[in-house]
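> what shape does this take:
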Amino acid sequence: MNAAQPITTPNAVAPIQDLQSGSASSAAARTPSTPLTLTSWGLRLATAGIYGSFAFQKLPYHANTQAIFEGLGGHPAAIATAGLELAAAALLFVPRLLPVGAAMSVIAMLGALATHVLFIGVAVEFPGAGGSTESDGGALFGMAIATLAASAALLWIHRRQSVGMLSLVLGSGKSIVRRRGS
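Below you'll find the model as predicted:
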């Protein structure tokens, strides 16, 4: 190898170096195609919209939120959940931190689904007029599934960046993706 030739790196390491350098050419290398970009923006907006709408019920501890969180830690648990969801939603709009936001969202929705299945039921009962109860018919459970799917799709769409970010978080800066034959 002569001194004039640059040292090249394997393609599997490139996303990590791209995240560290932040150069314009590296951004182009990890940007999804136009249809996927539009899909990504739609999923981000939908997820953030869902989290935003539910935060307005969780933070002031609306009666429906009380019915859900009553045996699960009460108002502090509702505030913590809203905080996690709003932080995840905000990170979805920070390009370098999108994988972190999507992963936080996946974790939050897995927790929500587990809570439904183990503690509150798929169809949640809310206090109704005159002391009666009303069921949501599984709507909250369905929203959690949809948000989980949207978040998982974001991780897949931005998988190169997600793998690069995971490699950085795990240390050493080396890729965790191995090429065949190496």
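
> Phe54: neighbouring residues, count only.
Neighbourhood size, Phe54 [other C-beta atoms under 10 Å]: 22. C-beta here means a position set from N, CA and C on the backbone, and glycine is covered the same way.

> can you give me phi and psi for Glu134?
With angles defined as degrees, to the nearest 10, Glu134 sits at phi -130, psi 140.

> please disregard the earlier target; I meant Asp136.
Residue torsions, per degrees, to the nearest 10, at Asp136 are phi -80, psi 0.

> count of neighbours near it?
There are 18 residues near Asp136, going by other C-beta under 10 Å.

> I'd say it and Phe126 touch.
Yes. Asp136 is in contact with Phe126 according to C-beta atoms under 8 Å; the separation is 6.7 Å.

> and the closest residue in space to Ser40 that isn't next to it in sequence, how many neighbours?
In this structure, Ser40 finds its nearest non-sequential neighbour in Ile157, 5.0 Å apart by C-beta to C-beta, 6 or more residues apart in numbering. Using other C-beta under 10 Å, Ile157 is surrounded by 19 other residues.

> likewise Ala87?
Neighbours around Ala87, by other C-beta under 10 Å: 15.

> can you name the element that comes right after the helix or strand hosting it?
Using DSSP states H and E, Ala87 sits within helix 74-91. Next helix or strand after helix 74-91 toward the C-terminus (DSSP H and E): helix 98-115.

> other residues contacting that following helix?
With contact meaning C-beta atoms under 8 Å, 6 or more residues apart in numbering, helix 98-115 is reached by 44, 47, 51, 72, 81, 84-85, 87-94, 141, 144-145, 147-148, 150-152, 154-155, 158, 161-162, 165-166.

> now do 7 Å
By C-beta atoms under 7 Å, 6 or more residues apart in numbering, the residues outside helix 98-115 that reach it are 47, 72, 84-85, 87-88, 91-92, 144-145, 147-148, 151-152, 154-155, 158, 161-162, 165.

> good, we can wrap up now.
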